[in-house]
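S.K.: My questions concern the predicted model and sequence given below.
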Amino acid sequence: MFPRILKSGSRPFALIHSAPKFPALRATSPLVGARFNSSSSSAPIDEISTKLQSFPEAANTLTDTVSTLTHDQLGYLNSMGMAQSWWWPPDVLERTLEYVHVYSGLPWWGTIVATTIAIRVVMFPLFVKSSDTMARSAKAKPEMDECMKVIRDAQTVGERQKAALMRKQITAKYGIKYRYMMAPFLQFPIAIGFFTALRHMALLPVDGFPTQGAYWFPDLSAADPYLGLQLISAATFMTSMKLGGETGASNFSPGTQKLLTYVLPTLSIPFTMNLSSGVVLYFATNAACSFVQSALLRNKFFRKIAGLQEIVPRVKKPGEEAEGMFDGIKKFAQETKKSAESKAAQAAALEEALKVRKARSKTGEVIIRKRKSKKS
């Protein structure tokens, strides 16, 4: 009924239940047998060794079960730890790439190109609206500059309300809808999602990535050995910026235009030379889409049939440099700062005058000023 304490030679005390209490355990468990016969038999140890050697067989069975999914079946990327959600951009794009790859039968390089083009086609109407808004804003710029000057110089609530109404009337007159100006910024989460998804797929790599490249880049998980994709991406981006950027109607200053057209594309070559070919293939395809889109939105015939505002280049005054978007923002900030300093000086002068008036009222000093007579 009670456990008994055994001591075997120099071994520490062990608490062991009596055998009649657990007959099945004594009969079937090799561990119990090994404990009671540790000094006389090695058969149970051999049995344990045999059972442990069978563990790799179970592991191989599990591996065979997972590897039955291939890259041309839905759910393959999910089984590899990717495409786990429907809201995170990289996961969404991984699922999209998998659906296009499975249902179209395209190799991975064709899947990347087709998916990039399809997303750009879906987003094209937003860029059309953005291009129209930029062209209308450029046409309304002289009136808008005067309105912004009134807003900066406004000192009373009534003047600010009047200036805000004036600005609203100008936007309504030219049909400007600023919400469409945000269309180019939608590219950022999509580009980051593509970069993260393709980089993840190349690092594993997923089945087919090392063999389903094309031309001089047969391995999408390795870097382009000839930098051909990097050169194509830089060249097409340069041409796109010369045509006015994504909307075809961007107006940059000469310095900003030179930075975006020549400096950044040139620097992108060494920065992307070690990226996998799958990632840089997306960059090249996206840059090519930007070039085609810029040329189309710059075309006068297309703008006419699409009902878009004609792009009228701003006429420079003698000795005036072309002012771009960034220059306009910088100039607005400088003028706002100057106006704020002027208002602060006026407020300080008014406060000083009130202090002097209050001091004179306490001393009873009266200042008599003679008014000038009006000329008849």
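M.R.: Done, it's in.

S.K.: any low-confidence regions in the stretch 1-150 of the chain?
M.R.: 1-67 (pLDDT under 70).

S.K.: Tell me which stretches of it form helices.
M.R.: Per DSSP state H, counting those that start in this stretch, the stretch 1-150 of the chain carries helices over the ranges 23-28, 30-36, 43-53, 55-66, 76-79, 89-104, 108-139, 141-153.

S.K.: Not counting the fifth one itself, show me its contacts.
M.R.: It refers to helix 76-79. Applying C-beta atoms under 8 Å, 6 or more residues apart in numbering, the external contacts of helix 76-79 come out as 66, 69-70, 83-84, 94-95, 97-98, 201, 206-207. All C-beta atoms are positioned from the backbone trio N, CA, C, and that covers glycine.

S.K.: Quick check: of these, which lies closest to Val128?
M.R.: For the contacts of helix 76-79, the residue nearest Val128 by C-beta to C-beta is Leu97; the value is 26.3 Å.

S.K.: neighbour-wise, which of the contacts of helix 76-79 leads?
M.R.: Met201 (29 neighbours; other C-beta atoms under 10 Å).

S.K.: can you tell me the helix or strand for it?
M.R.: helix 187-203 (DSSP states H and E).

S.K.: Next, count neighbours for Thr239.
M.R.: The burial count assigned to Thr239 is 17, neighbours taken as other C-beta under 10 Å.

S.K.: my read: it touches Val292, true?
M.R.: No - Thr239 lies out of contact with Val292 (C-beta atoms under 8 Å); the separation is 10.3 Å.

S.K.: before we move on, the earlier item: the helix holding Met201 packs against which elements?
M.R.: helix 89-104, helix 108-139, helix 277-298 (3 or more C-beta pairs under 8 Å, 6 or more residues apart in numbering; DSSP states H and E).

S.K.: Look up how far Ala295 lies from Phe301.
M.R.: Separation of Phe301 from Ala295 (C-beta to C-beta, to the nearest Å) stands at 12 Å.

S.K.: That should have said Ala214, apologies.
M.R.: 25 Å.

S.K.: can you check Lys258 too?
M.R.: As judged by C-beta to C-beta, Lys258 and Ala295 stand 21 Å apart.

S.K.: Looking at the two, which is more packed in?
M.R.: Ala295 (15 against 12).

S.K.: Give me the distance between that one and Phe302.
M.R.: With C-beta to C-beta as the criterion, Ala295 and Phe302 are 9 Å apart.

S.K.: Met123 now?
M.R.: Distance of Met123 to Phe302, given as C-beta to C-beta: 17 Å.

S.K.: quick one: which of those two has more around it?
M.R.: Taking neighbours as other C-beta under 10 Å, Met123 and Phe302 compare with Met123 leading, 18 against 14.

S.K.: Correct me if wrong: the more buried one contacts Ala183.
M.R.: Yes - judged on C-beta under 8 Å, Met123 makes contact with Ala183 at a distance of 7.3 Å.

S.K.: export stretch 256-263 as PDB, just CAs?
M.R.: Taking Å, rounded to 0.1, in the frame of the first residue of the first chain, the C-alpha atoms of stretch 256-263 are listed here in PDB:
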ATOM      1  CA  THR A 256      14.500  68.900 -59.100                       C
ATOM      2  CA  GLN A 257      14.000  67.700 -62.700                       C
ATOM      3  CA  LYS A 258      17.700  66.900 -63.000                       C
ATOM      4  CA  LEU A 259      17.700  65.100 -59.700                       C
ATOM      5  CA  LEU A 260      14.700  62.900 -60.600                       C
ATOM      6  CA  THR A 261      15.700  62.300 -64.200                       C
ATOM      7  CA  TYR A 262      19.400  61.600 -64.000                       C
ATOM      8  CA  VAL A 263      20.800  61.300 -60.400                       C
END
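
S.K.: So for it, mean pLDDT?
M.R.: Averaging pLDDT along stretch 256-263 yields 83.

S.K.: Next, count neighbours for Cys147.
M.R.: A count of neighbours around Cys147, defined by other C-beta under 10 Å, yields 20.

S.K.: my read: it touches Lys168, true?
M.R.: No - Cys147 is not in contact with Lys168 according to C-beta under 8 Å; the separation is 9.5 Å.

S.K.: check contacts around Phe283.
M.R.: When contacts are counted by C-beta under 8 Å, 6+ apart, Phe283 touches 229, 233, 268, 272.

S.K.: The same query, at a cut-off of 6 Å, please.
M.R.: By C-beta atoms under 6 Å, 6 or more residues apart in numbering, the contact set of Phe283 is Ser233.

S.K.: For Arg199, see how far away it is.
M.R.: Distance check for Phe283 against Arg199: by C-beta to C-beta, it reads 12 Å.

S.K.: likewise Gly75?
M.R.: Per C-beta to C-beta, Gly75 is found 21 Å from Arg199.

S.K.: now swap in Trp86 and tell me
M.R.: Distance from Trp86 to Arg199, by C-beta to C-beta: 20 Å.

S.K.: higher neighbour count, the two?
M.R.: Taking other C-beta under 10 Å, Trp86 and Arg199 do not tie; Arg199 has more neighbours (15 against 8).

S.K.: Gln187 - how many residues pack around it?
M.R.: Neighbourhood size, Gln187 [other C-beta under 10 Å]: 16.
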